[in-house]
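>>> Here is a sequence together with a model predicted from it:
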2 protein chains.
Amino acid sequence: MTAHGEGVRDDDGAAGVPPGSQASPQEIGVPAARQRLRAIPEAAVARLAVYLRTLSGLGEQGVNTVSSEELATAAGVNSAKLRKDLSYLGSYGTRGVGYDVDVLVGQIEQSLGLTRRHSVAVVGIGNLGHALANYGGFPSRGFPVSALFDKDPDLIDIPVGGIPVSHLDDIVRVCTEREVTIGAIATPADGAQEVCDRLVEGGVACILNFAPVVLQVPEEVEVRKVDLAVEMQILSFHVARRTHDAEAVGASGRVDPDQVDAVPLNGARLDGEGMVVRP
Amino acid sequence: MTAHGEGVRDDDGAAGVPPGSQASPQEIGVPAARQRLRAIPEAAVARLAVYLRTLSGLGEQGVNTVSSEELATAAGVNSAKLRKDLSYLGSYGTRGVGYDVDVLVGQIEQSLGLTRRHSVAVVGIGNLGHALANYGGFPSRGFPVSALFDKDPDLIDIPVGGIPVSHLDDIVRVCTEREVTIGAIATPADGAQEVCDRLVEGGVACILNFAPVVLQVPEEVEVRKVDLAVEMQILSFHVARRTHDAEAVGASGRVDPDQVDAVPLNGARLDGEGMVVRP
DNA sequence: GGCTGTGAAGACCTTCACAGCC
DNA sequence: GGCTGTGAAGGTCTTCACAGCC
């Protein structure tokens, strides 16, 4: 989302913190923890997850203390941004010294809500669904995949990554039973909205959508979209920009500037197929 | 993504357009096309790709003309933003009428550099690599996957999606020969940097990185990162925020505000394994 | 001396609201 | 009347730069 963007969100302004709450640091009766939680900017949240991984790596290497400069370099951001991000959590550094790795890991985990387990359901057991079901990073850190769904009868009851696949018709029941909080949609585009509706009906509040569609959801449901075609096209844009730059440098003013206006490659359309392709 | 989405980018300020170039609309000798290309904000580029898909869908349904309101709804943004985004391309709408679907498709394709083919290499042929190699959305729209790599001897020369897998050692040669412009890294974290270095050596200018590492690249290389663990953690944050809100509404001030401070779930670390897991 | 935490400044993005055109 | 294109206003995020603490 990378930044990168990142990603394509649509907060619709609701994310804005009321001016008052930031001006008066701590009203009586309203705990600082909650204030803090709401105050962390979206962009910072994404980076905190990256810092967390970097810190975990450092911790395993036996590093106890890290400066903002070191951590920033390792995480690929600049140090001012890192310090600002960490300041949203509170003041857990020591001036002249740096941050204690374990303390910081604990604080970030708490802020991201990682002190709670989040059962994950994966819908669409194609290649991508397999990749998600087997992804080692999830279960090892509080994201156990606890339900799988597909509509293909041949897949039902076959275990993938240790969990048997259920039918799409059972989404509501199974998600409710297993208290699924996060749903990953890895189906083709045409089934995605219906799958999404069932997940929501089954009590799933957060959805990670790999299908190339814009999902319609009630406003209390959070959707994040991972769209590979979009990522490729963004990269394509940068190739084009670079090419222009190179031309400009190589022979400034000489090269036909409008060569880009050449006829389109072909009339094929991209939208269609979604991610799930079974060999 | 999403204002969230954003994805995690790291332009490091270099993307900032020098104040002068925007003030003076069109210097002599510098064609408008290039000015436009550089001027499109990153955030708008990501959305243009979404509009493109939406428009393609409309085109297939036989729709010839669309208003900003209609297209915005279908793409999940508000109409002012959409019009602003489209205005970066030039003025291709008709007041009182709307936009011609085909014209708009053509203009967006041109701006995103989709009038040129981009050969794609996929490195790491695990579940995710398979998903990428078979992804229908790529070849159908100017992103032919033309090279696959893995280090597992058992996979070498086996065709996946019609293309035989090559060894990591051949990345430089094969990418050069096949003029690969985009590389997708779907390896575990520990091999990713080396793979990246070889891709760059093989002339690849844009990299889509699925491995949970921050890649070091020369500044002329563009990297976009897709990090599933980070996406999950961002969703986790929103679950936590929602839970807090619900408590605040349900029994304002009564519920123990620091229940979040409970001990961390376990000491497991997330970083490690990367995406590629073979059953 | 070294490093954190943070106001203030600046860049960037979104939204508003309306002039201009069909 | 309807809709686009766009200055201007308003937010949000990033960067700067330095006070404050060890």
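Thanks, I have it.

>>> Surely residue A:69 touches residue A:81?
No - counting by C-beta atoms under 8 Å, residue A:69 sits too far from residue A:81 to count as a contact (11.8 Å). The C-beta positions use only the backbone N, C-alpha and C, and glycine is treated the same way.

>>> Looking at these two, which has the bigger crowd around it?
Shown here are residue A:69 and residue A:81; by other C-beta atoms under 10 Å in any protein chain shown, residue A:81 has more neighbours (16 against 13).

>>> Quick one: the helices in the stretch 51-200 of chain A, in order.
Assigned by DSSP state H, counting those that start in this stretch, the stretch 51-200 of chain A shows helices spanning A:68-75, A:79-87, A:101-111, A:127-134, A:171-177, A:189-201.

>>> What is the longest helix of chain A by residue count?
helix A:228-250 (DSSP state H).

>>> do that one and DNA strand C meet?
No - Helix A:228-250 does not reach DNA strand C (C-beta under 7 Å from any atom of the strand); its nearest approach is 12.1 Å.

>>> Check stretch A:96-111 too.
Yes - interface with DNA strand C: stretch A:96-111 contributes A:96, A:97, A:98, A:99 (C-beta under 7 Å from any atom of the strand).

>>> Give the buried residues for that stretch.
Buried residues in stretch A:96-111, counted by 16 or more other C-beta atoms under 10 Å in any protein chain shown: A:98, A:99, A:100, A:101, A:104, A:105, A:106, A:107, A:108, A:109, A:110, A:111.

>>> what's the burial count for the residue nearest to the first one when sequence neighbours are not counted?
Yep, that's residue A:98 we're talking about. Using C-beta to C-beta, 6 or more residues apart in numbering or on different chains and skipping the chain neighbours, the partner closest in space to residue A:98 is residue A:67 (4.0 Å). A total of 16 residues lie near residue A:67 under the criterion other C-beta under 10 Å.

>>> Could you report the neighbour count for the closest residue in space to residue A:133 that isn't next to it in sequence?
Leaving aside its chain neighbours, residue A:133 sits nearest to residue A:161 (4.1 Å; criterion: C-beta to C-beta, 6+ apart). Neighbours of residue A:161 under the rule other C-beta under 10 Å: 20.

>>> for residue A:161, what are its contacts?
A:130, A:133, A:134, A:145, A:148, B:279 (C-beta atoms under 8 Å, 6 or more residues apart in numbering or on different chains).

>>> Residue A:151 reaches residue A:165, doesn't it?
No - assessed by C-beta under 8 Å, residue A:151 is found out of contact with residue A:165, at 10.0 Å.

>>> Those two - which one has more neighbours?
Set residue A:151 next to residue A:165 and count neighbours by other C-beta under 10 Å: residue A:165 wins out with 20 against 15.

>>> Now the residue nearest the centre of chain A: which helix or strand?
Central residue of chain A (C-alpha atoms, centre = their mean): residue A:224, 6.3 Å from the mean position. For residue A:224, the enclosing helix or strand under DSSP states H and E is strand A:222-225.

>>> Give the other helices and strands that that strand contacts.
strand A:206-209, helix B:228-250 (3 or more C-beta pairs under 8 Å, 6 or more residues apart in numbering or on different chains; DSSP states H and E).

>>> now the first one: mean pLDDT?
Taken as a whole, strand A:206-209 has an average pLDDT of 97.

>>> Just checking: what are the partner strands of that strand?
The pairing partners recorded for strand A:206-209 under DSSP bridges are strand A:180-185 (parallel), strand A:222-225 (parallel).

>>> Kindly format the C-alpha coordinates of stretch A:42-62 as CSV.
Only the C-alpha atoms of stretch A:42-62 are listed here, as CSV (Å, rounded to 0.1, in the frame of the first residue of the first chain):
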residue,chain,number,x,y,z
GLU,A,42,-3.5,5.7,9.4
ALA,A,43,-0.2,6.1,7.6
ALA,A,44,1.6,5.6,10.9
VAL,A,45,-0.2,2.4,11.7
ALA,A,46,1.0,0.8,8.5
ARG,A,47,4.6,1.8,9.3
LEU,A,48,4.3,0.6,12.9
ALA,A,49,3.7,-2.9,11.6
VAL,A,50,6.9,-2.6,9.7
TYR,A,51,8.8,-1.4,12.7
LEU,A,52,7.4,-4.3,14.7
ARG,A,53,8.9,-6.8,12.3
THR,A,54,12.2,-5.0,12.2
LEU,A,55,12.3,-4.9,15.9
SER,A,56,11.5,-8.6,16.2
GLY,A,57,14.4,-9.3,14.0
LEU,A,58,16.7,-7.2,16.0
GLY,A,59,15.5,-8.8,19.2
GLU,A,60,16.3,-12.3,17.9
GLN,A,61,19.8,-11.1,17.1
GLY,A,62,20.2,-10.2,20.7
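
>>> Just confirm yes or no for that stretch near DNA strand C.
No - with C-beta under 7 Å from any atom of the strand as the criterion, DNA strand C is not reached by stretch A:42-62; the gap is at least 10.2 Å.

>>> contacting residues around the closest residue to residue A:181 other than its chain neighbours?
Nearest non-adjacent residue to residue A:181, counting by C-beta to C-beta, 6+ apart: residue A:118, 4.7 Å away. The contact partners of residue A:118, by C-beta under 8 Å, 6+ apart, come to A:142, A:143, A:181, A:182, B:232, B:235, B:236, B:239.

>>> Least confident of those residues?
For these, the pLDDT minimum is residue A:142, 76.

>>> what's the distance between that residue and DNA strand D?
25 Å (C-beta to the nearest atom of the strand, to the nearest Å).

>>> wait, doesn't that residue sit right on residue A:114?
Yes - using C-beta under 8 Å, residue A:142 is in contact with residue A:114, at 5.4 Å.

>>> rewinding a little: would you mind checking which of the contacts of residue A:118 is nearest to DNA strand C?
residue B:235 (20.0 Å; C-beta to the nearest atom of the strand).

>>> In terms of pLDDT, where does the residue of the stretch 101-250 of chain A found nearest DNA strand C sit?
Taking C-beta to the nearest atom of the strand, DNA strand C has its nearest neighbour within the stretch 101-250 of chain A at residue A:104, 9.2 Å off. On the pLDDT scale, residue A:104 is placed at 97.

>>> Noted, bye for now.
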